[in-house]
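Colleague: Please find the sequence and the predicted model below.
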Amino acid sequence: MTPNEYIKTNKLEWQPSFNGSISSSLNAYRGALIIEEGKKLSETKIMPPKAQAKQVIMISENDKVKFFACELETFNYFEAFFEKYKTFFDKDSIIVLYVIDLDGNGIFEYEGIKFNAIMLYENSVWNEVLDFLSLEKGDLKKLSNEDKLVAIYDELANLEKEEVNKTYDEMLALIGNTKKALMGAV
């Protein structure tokens, strides 16, 4: 089962903007993913998820995620997130978690899989990923959704692998009280 099939079969997608094939061998997903479901009020009415991975950018090949980035409101969601989606990650997956309540960045390993955890204050995951991969927004502007995701995938080959610099417990110690700044009219 591919990650996209798993998401659809288990009704884990939340406000998806893209879920499909981007090349003959690659699939992608953009949107939010449910970590913990909302309360079911009736057969047709369910409250929004209690916990979610927001602004997800996921690129997978067959049954493994090649690239995954998302926003987590709190690092406390990590274990539940990992438990729900770990089948699709392996040692070659590049995973970037932009976490609102972290007071520092780190690269840590959890059950043999490496994670980049980066503080996110007010920027979008899309913009952060472009910076992370040294891609220019202007170069992608005229591309289709599929081609933008392929450009991200292509850039992964040039990414230098960074070494683990924190333990999971050290990452837990970085949880602070930061809240996301709301942008909009004042």
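Modeller: Okay, I see it.
Colleague: Hmm, Gly112 is touching Lys91, no?
Modeller: Yes - Gly112 is in contact with Lys91 according to Cβ atoms under 8 Å; the separation is 6.2 Å. Quick note: C-beta positions are derived from backbone N, CA and C, even for glycine.
Colleague: After the lowest-mean-pLDDT helix or strand in the chain, which helix or strand is next?
Modeller: Scoring the helices and strands of the chain by mean pLDDT, DSSP states H and E places helix 137-140 at the bottom, with a mean of 87. Using DSSP states H and E, the helix or strand that follows helix 137-140 towards the C-terminus is helix 145-156.
Colleague: And that following helix, what does it pack against?
Modeller: Helix 145-156 is packed against strand 13-21, strand 26-36, strand 51-61, strand 64-72, helix 137-140, with contacts defined by 3 or more Cβ pairs under 8 Å, 6 or more residues apart in numbering; DSSP states H and E.
Colleague: Listing partners with orientation, what would you give for the second one?
Modeller: Paired strands of strand 26-36, with direction, are strand 13-21 (antiparallel), strand 51-61 (antiparallel) (DSSP bridges).
Colleague: The last one versus helix 145-156: what angle between them?
Modeller: So that's strand 51-61. Angular relation of strand 51-61 and helix 145-156 on a 0 to 180 degree scale: 80 degrees, by axes from the mean of the first three to the mean of the last three Cα atoms, to 10 degrees.
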